[in-house]
Every structure is written in structure tokens, then in C-alpha cells.
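J.: For reference, the sequence and a predicted model appear below.
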Amino acid sequence: MKRGVQQAKSLHVLQRLLGPVVALYISRCRAKADVAREASLYHAPSIDALRQLPILAKWPDSALQKWLSHGVMVAYRKGTCIGFACEPPQAARVYWVLTGKVAQVPAKSELRECACELPHLPPNAPKTGPVVLPAHFLENAAKAALPSLTSTQERIKESLATYHAGHLVDAERLLLGGGRQRSLRCQTDAVMLSFPFSLFLREVQCLPGPVRSDVIDVARTVVQRTMAQFGVMPSVHSLTSANPVLQSIPPRDLRALRLQLRPFVFLQFDVICHDLANSDKVFFLSLGTVLIEDCRGCSSTITSKVSTAVGLETFVPCRFPDYYDQKLRAKAATYCEMWCIPTAALLVLCSAETQLRCAQAAKQLLGNKTSRLTPASALRTCPCFTGVSEAAIAVVARALEVRVHCAGDTIVASKRAPSTGILVVAGVVVVHSNRKKASEPLCTGQARYFCECFVKMALEESVISQSSSLVLHGSPGRIFELMEELNTASDDIKIMLDNAQDYVNGQYGAGASNLSKAQNAAAERVKAYKRRRAGAAPTASPPSTSVDAVDNLTVVENELLVSLALQLQALHPNTADEAKFDVFRVGDLTMVDDDALTDSRPAAECFSLDDEGRLVTCALPALVASARPLTEVPVAPSPAIAAPRADVVAASLQQREKTKETRSSTQETAAVVSQSLRTAVRASAPAAAGRRSVPSPRLTALRTTATRLREEADGVDRRREYQRQLLRVKHPL
């Protein structure tokens, strides 16, 4: 290549590369000369004008005058950038606007977010150029021809702050250590008074203590107001992605939670929360780094993920401690901007069902991390594990299960045997006694109620989680299942059960566990019966006719009469009454036709129960015919029944005459009994009763049922008497 051609190409390349830089430099030099002439027309603000700003209101006059003397008058053309985002504090400058308008420029990340929603963007156009958000850079005439902004463009455009004459640009945020969030651009020709930020910071540090604290508080308030007006709250997606526990909250409640967030600013080394488990606010990180450290200085964790929750343990525990009753503290490692919601508002926002789902999600998140603790030493505090081998204790520790309880949850209910033993790891858990005693808090790291659950002893107290808590539960079934793998399992299990029985006998009295077991068994039988009754779905019966209804009613009457016969047999165990009511035990018809009756039979009787439950028997003057037809074919009376012995009938008549006078006062009550429940009760021949040497199967079944009912009633009475004696021993007068 010839030397002239090579030189021409080199000049062309240099012109393309350095031409814009040289042109910009020349333009700025010319503008600087023009601006210098314009700046001379303006004067520095007075001290009274500076005091109009809240951050400078309490400064002494000498400090204001000294700071004002270091100001430099500058003028910039429209479109000039006067400050850049994330620039170091040593190079940053603070501007007092005298005339013109200064606005923030969108960050590159925000412009890329806008570019994703522009399908017609040219492929060669930069994703972070003015084409993405032209409404911020164009004038009114050109802006009117632009299409409508997307939702993201509108949101970002509204978040850009604008400064006019009399404003101090970015002084508050720089003073708190947050740096400049966005670059600054002159929207019009502007004249400003420029101050080095390092000088401004030194003047603030030299102020008296109360004045300096007031300046910091004012700066914090201004930044928080700016966040509330222009800041972007964390989205629902960011909240759930950074905190998996919040995924169990319905989207509607999450949107309501987001609307209740309030901004908060922390300086470096400020304490955000002294105790994460008892925080009155839940914070969500927006900017900065948070240090979570142990109050004893054993461990620390640093987090900077956006929307990470700080203090969520007050709502539901989602962090497993390193030791029992660990107290964690949150501090701001750098300047932090956070959004917070009061814990009480969060609890009101979430229903009991939502809190339960969040607790289950926290349990899955925690998993089985009991290895971080030493539950073996804590289990030794329970009497039932005294004398048990170390291998067995390790197995019991492995059988423990982590459960998360929200505030107000009942961990162990009273008046019933606990299903598991408990070991409180973190949180406030109290014991409520039924004897009007003050509530006692349970100490963390102490095993309780393992003895009672081993011997099925009902408790007279309830255990309630006063705050969100982490509790280890150990069920006897799980413990014994894992202990079967040991060689000495039988010995260890026997020692545990013996220790548990001795503890219960000494704590609740001898025999209390047996009574509790009987009560629990009875309660389980009642529950099983109710479950069976509830599980039996009622079937749709076909429509019954009048004949079927009469037949069913007659069957019910017959069953009622048989039941009354059994009661009479228990009340009158003499031979005469057995012969008299033997007709119900044989299984023959309990109702007969009036046509089949003869005059040789005795008068009819009816019986009922008075108001006090006693049996009332009276004779009817005439036979009352049944108004309903019989469902069975009448059986012809046998010769033995048709010809009763005269002496037995006479004795029965004499006995009836003797009792007639004593029962005359109850005849009116018995006559009120419904005609459908009356029946003709006639004496049968004793000769026929004598020939029945083998009882029928129905008679045997009825006698067995009656005997079982009497035995169960006697057993209930004995248990009640034993319970009364036990109460008299426990509470002597």
C-alpha cells in the first residue's frame, strides 16, 4: 500500500474515532464562555433563602456563611449531564438551582426493562438509548406525535424526580450515604451554585450534637418521602420469590399487604431489629446490605437480596436456630432502603387458615435440621429417660420432628392424654392450668410430657404458643419403632416405661394412669361410634304404602312390648310374674284378635311408666280392641294355654284384687296412655311353662343382652365411685 493511501486511511479512522470527542470538547468550551457571561448576571442566595430548606433551617449563621463562601457559580446548556449515578462521594457535588430545570435520567437497567415491551424497536437501536424512552428527552411538539407510553414506561417516567429553582439537588441522600441514585440532566439552560459534597459533609460533622441529629432526621424524612412519592415498591412476584413462606398467602392478601408497605431508611451500622423473633415490624429489603448476627457474637449472616424479609420470624418461624433460645439481631451493613409493615397488621391481614398454610410451608422449608442442636442433653431433663443408654437417647433425638406453631396455637390440650412429648426450641410457650393459677412459661431446651404420653395420662393443663415458636415433637410410636433396631431395645423401653409410670404415680397419684386409660378408652369408643354413625349415609327409602306403614308400626309396638317384658322380668323376679309374662319370652304374638278371646280368660291389663319412672299396672274394665290389623297370621291357642289351671288363675285374681285398691290413684294416669301402646297381657298356664325346659334362641339372646347391660352399668358405677374416692383423697376438706 502506498504511503499516501495509508496516511489518508489513518486520518479517516482517527476522524471517525476522535471526531465526536473533539466536537464535544469544542462545544463545551464555547458554551462555557457563553455561560460565564450569563453566570455573571446571577448572585449567590442569601442566608435567609438557604434557611427555607428544612435541612439547613437549624444551621448556625457562621456555618452557613462558611459553606456558602465555597460555592462556585456554574451554568449549563440544555441536555448537559451534571452528575452521574453511583459516582464516589469524593467526586460528587451538591447543586443549588438558581434558574432552569434539572431532572433525573433513567438508569440503564430501567431502559432495558422498557425495551422488552417495545416490539417495533429497530434491531440495531441500542437498548439503553433515548429511543427507548423518547418522552423524557423530546420537547412538547415532538412529544405529542409519540405513541402512548407502556405501563413500564409510564411507571419509570413518574419515578423520575425534577428539581427547579430553590432546590438543593441530592444533598439528603448523599448525606445519609446512599449515593446518587440516577444521573442528572439539564432539561433547560440552568444556572446553579456548585458545592463539593466532601465540604458539605465536613460542615455537617462539625455541627453541635443536637443540630447534627436533627439534620440527619430531616434528611431521613426527606428521603423516605421521596421513596413514597417516586420509589418503586417491591412487586408481589419479588416478595414471594425471595420469601417462599409467603407463597402460601393468597394473591389478594399479598396485594393488600403490598399496599400497606411504608418506606424506611437506615444508615450504616443502624440496628434494624434488636430481636427478630419479637419484632413489631416486618421489613423487606429494597437497597443495601443487612447483617444478621447473634447477640452473643457466635455467628453472622449477610444478605443483600432484594425483597428479603427481616423480622418475618414474628409472623412464622422460618429460620432454625443454632442453639436453644437464640437471639438474632439485624443491623444495616451499608445504607439501606426498606419497606416495612407492622406485624399486627400482617396478622390481621392473614386468616387462621392462611397462617396454618404458612406454618406448613415453613416446616417444609426447615426440614429436619435437629442435628444443628443437641437434643440428647435436653432429653435427659425428662425423668423417663433417666438411666437409658446413650444409643437409645440418640435414637429418641433422631425421632423428634420439627413443628412450627403460630401465635395462639394449642400445642397440648387439657383433659386428654398428650399424643407426643415436646421440646421447645424457640419462642414463648406458656402453660395454662385449670386451677386458676398464673400462666407459667416453658423453658427452652427442656423436655416435657414424654412420661404422660407413654402411659396415656390425661393432663389438667394446656400448653399454648404465646408467640410464633419452634417445637420438637416425639411420638411414642415413632420412638419405639426406631428403638427396635437397637440390641438393647427391650431393656431401654422397659426402663423408659417404668420411669414414666413412677413419675406419673408420684405426680398424679397411684392408679391415676389406669383411670385415665379407662376414660380415654371410653372416649375413643364414643368417637368411633359417632364416626360410624356419621359415615353411614342415609339411603333414600322407597315410598311406603299405608299397609306397610301399619305393619312397621306394629313391629315397633311388638319390639317395645318385648323390651318392657325384659324390664318387668328384672323388676319382678318371682315365679308368678314369670308365668304371667311368659308369653313375651316364647316369641308368640304379643297382640291377638278379639275374636279369638273367650270369656274364660282373665281381664286385660295395661302398664306404663309414671313421671318418676316407676312401673304402673292397672286392669281395664273391658277388653280394648286394637285399631290396627295384625301383620302375622294368628296362631290358634294350644290346649295347654286354652285350659289354664284354676288354682293359679285364682291366685292371680286374688293378688290383683289386693293391689287394685293401692293402685287406684294411678288409674287416671295410666288411662291417658295411647291406645296403640296398650295390649292384652294375659296369664299363661303354668303347665305350659313347665313343659318348656329348653329356652328358645331368642330368649337366650335377650337374656345375654340384659346381663351384659347390667354388668356394664355396674362397672360404670364402680368407676364413678372410685373417682369420687380419689377426688376426696386429693382434696380433703
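T.: Good, I have the coordinates. Since the model is a prediction, treat every value here as computed from it, not as a measurement.

J.: Lowest-scoring secondary structure element of the chain by mean pLDDT?
T.: Comparing helices and strands within the chain by mean pLDDT, DSSP states H and E singles out helix 639-642 as the least confident, with a mean of 37.

J.: Output the contacting helices and strands for the helix or strand encompassing Leu553.
T.: Secondary-structure element containing Leu553, defined by DSSP states H and E: helix 546-571. Helices and strands touching helix 546-571, as assessed by 3 or more C-beta pairs under 8 Å, 6 or more residues apart in numbering; DSSP states H and E, comprise helix 575-580, helix 582-586, strand 615-619, helix 697-730. Any C-beta I mention is one placed from the backbone N, CA and C, and that applies to glycine too.

J.: model confidence over the first one, on average?
T.: On average, the pLDDT along helix 575-580 is 60.

J.: Kindly report the same for the third one.
T.: Model confidence over strand 615-619, given as mean pLDDT, is 62.

J.: ditto for the longest one
T.: This predicted structure assigns helix 697-730 an average pLDDT of 69.

J.: Kindly state the beta-bridge partners for the nearest residue to Thr162 once chain neighbours are set aside.
T.: Closest residue to Thr162 apart from its sequence neighbours, by C-beta to C-beta, 6 or more residues apart in numbering: Ala103 at 4.6 Å. Beta-bridge pairing for Ala103 (DSSP bridges): Thr162, Arg185.

J.: circling back: ok now the helix holding Leu553, how far from the chain's centre?
T.: 54 Å (C-alpha atoms, centre = their mean, to the nearest Å).

J.: Next: stretch 298-308.
T.: Relative to the centre of its chain, stretch 298-308 is centred 26 Å away, using C-alpha atoms, centre = their mean.

J.: Likewise for stretch 410-430?
T.: The chain centre lies 16 Å from the centre of stretch 410-430; the measure is C-alpha atoms, centre = their mean.

J.: Now do the buried residues in it.
T.: Residues of stretch 410-430 classed as buried: 411-412, 414, 416-418, 420-430 (neighbour count, 16 or more other C-beta atoms under 10 Å).

J.: Which ones among those residues map onto strands?
T.: Judged by DSSP state E, the subset of these located in strands is 411-412, 421-426, 429-430.

J.: Which of those residues sits closest to Asn487?
T.: Minimum distance to Asn487 across these is 24.2 Å, recorded for Gly421 (C-beta to C-beta).

J.: Any figure for the gap between that closest one and Val463?
T.: Plainly put, Gly421 is 11 Å away from Val463 if you go by C-beta to C-beta, to the nearest Å.

J.: got it, and Leu176?
T.: Noted for Leu176: a distance of 47 Å to Val463, by C-beta to C-beta.

J.: same thing with Leu111?
T.: 57 Å.

J.: Looking at those two, which is more packed in?
T.: A side-by-side neighbour count of Leu111 and Val463, using other C-beta atoms under 10 Å, places Val463 first with 23 against 20.

J.: and the more buried one, that's in a helix?
T.: No - assessed with DSSP: H, G, I helix; E, B strand; the rest coil, Val463 is strand; it does not lie in a helix.

J.: Return the distance of the nearest residue to it once chain neighbours are set aside relative to Val430.
T.: What sits nearest to Val463 in space, not counting adjacent residues and going by C-beta to C-beta, 6+ apart, is Val412, at 3.9 Å. Relative to Val430, Val412 is positioned 11 Å away (criterion: C-beta to C-beta).

J.: tell me, what's touching the two both at once?
T.: The contact sets of Val412 and Val430 overlap at Val463 (C-beta atoms under 8 Å, 6 or more residues apart in numbering).

J.: picking up where we left off before, quick check: the residue nearest to Val463 vs Ala447, distance?
T.: Distance from Val412 to Ala447, by C-beta to C-beta: 13 Å.

J.: And Arg252, by the same measure?
T.: 42 Å.

J.: Neighbour count: the two, which is higher?
T.: Ala447 (23 against 8).

J.: Do I have it right that that one meets Leu379?
T.: Yes - counting by C-beta atoms under 8 Å, Leu379 is a contact partner of Ala447 at 5.1 Å.

J.: what touches both of those two?
T.: When contacts are counted by C-beta under 8 Å, 6+ apart, Ala447 and Leu379 have 385, 423 as shared neighbours.

J.: show me the contacts for Ile341.
T.: Contacts for Ile341 were tallied using C-beta under 8 Å, 6+ apart; they are 257, 260-262, 281-282.
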